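K.L.:
here are the coordinates; sequence isn't available:
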Ligand SMILES: [Zn+2]
């Protein structure tokens, strides 16, 4: 009997000793909030390409890095698996999802149509404030064209977010954002081609012009074309993916 109590007692003591003072026993609610925070952080690392497709998410290393236990981390993995960013491979654990090329091409095709639909709705529904906002972001994007890639990527993302908001839709805007996020790891490679960055400016301008003219059809066509990966862009993407995947063998 004594022997049964002792390990329990010493285990408790060691937990108290090892845990940092500012990590109290989290109630259920707090634990899920922590999991959500970790999920957000991991999603950012995946979307930004810091964690590459196919990379293993080492539970022990990540728990140590975030200074959390494995429970919220596993919850975060589940959430990420639900949004398609992470793949659970049974005993082997969690991995950054790898999207196969045929599926990725499909995703870009759908993305193109959704982007077009957002612009089409924006041409019909955008408020004067929303139209002015698109212009304002566009001016900033033009300014950062010659500066660093990160800034260009960020402002470009802001433009597309504003476009989805200007569509004044709920489901469409939400789904477009979600899909964009999912393909963004791959999209980055194309966005950063110098020629692509310059072309983006003109293409965004055509979208804005169509929206300002209330021309829904032109808004659809210009936005869909802008996101569609044609010929050279597709070749760039395929080359980038091959390089990306061989990085993490
Ligand atoms: Zn764009």
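P.N.:
Thanks, I have the structure now. Computed from a predicted structure; not experimentally measured.
K.L.:
Straight-line length of stretch 220-235, end to end?
P.N.:
One end of stretch 220-235 sits 25 Å from the other (Cα to Cα, to the nearest Å).
K.L.:
which residues touch it?
P.N.:
With Cβ atoms under 8 Å, 6 or more residues apart in numbering as the test, stretch 220-235 has contacts from 105, 108-109, 111-113, 115-120, 163, 190, 193, 196, 200, 203-204, 206-207, 210, 237. No exception for glycine: its C-beta is placed from N, CA and C like everyone else's.
K.L.:
Also stretch 94-105?
P.N.:
With Cβ under 8 Å, 6+ apart as the criterion, stretch 94-105 contacts 46, 51-57, 59, 77, 80-81, 84-89, 107, 182-183, 186, 229, 234, 237-238, 241, 245.
K.L.:
Just the buried subset of these, please.
P.N.:
Burial by neighbour count, judged by 16 or more other Cβ atoms under 10 Å, picks out 46, 51, 53-55, 57, 77, 80, 85-87, 107, 182-183, 186, 229, 237-238, 241 from the contacts of stretch 94-105.
K.L.:
Point out the ones among those that are inside helices.
P.N.:
46, 77, 80, 107, 182-183, 186, 237-238, 241 (DSSP state H).
K.L.:
circling back: type out the PyMOL command that picks the buried ones from the contacts of stretch 220-235.
P.N.:
Command for PyMOL that selects the buried part of the contacts of stretch 220-235, burial taken from 16+ other Cβ under 10 Å:
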select buried, resi 108+111+112+115+116+117+118+119+120+163+190+196+200+204+206+207+210+237
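K.L.:
From the contacts of stretch 220-235, which land in helices?
P.N.:
Reading helices off the contacts of stretch 220-235 with DSSP H, I get 105, 108-109, 111-113, 115-120, 163, 190, 196, 200, 203-204, 206-207, 210, 237.
K.L.:
Check the gap between the residue nearest the centre of the chain and residue 48 for me.
P.N.:
In the chain, the centroid-proximal residue (Cα atoms, centre = their mean) is residue 181; its distance is 3.2 Å. When distance is defined by Cβ to Cβ, to the nearest Å, residue 181 is 11 Å away from residue 48.
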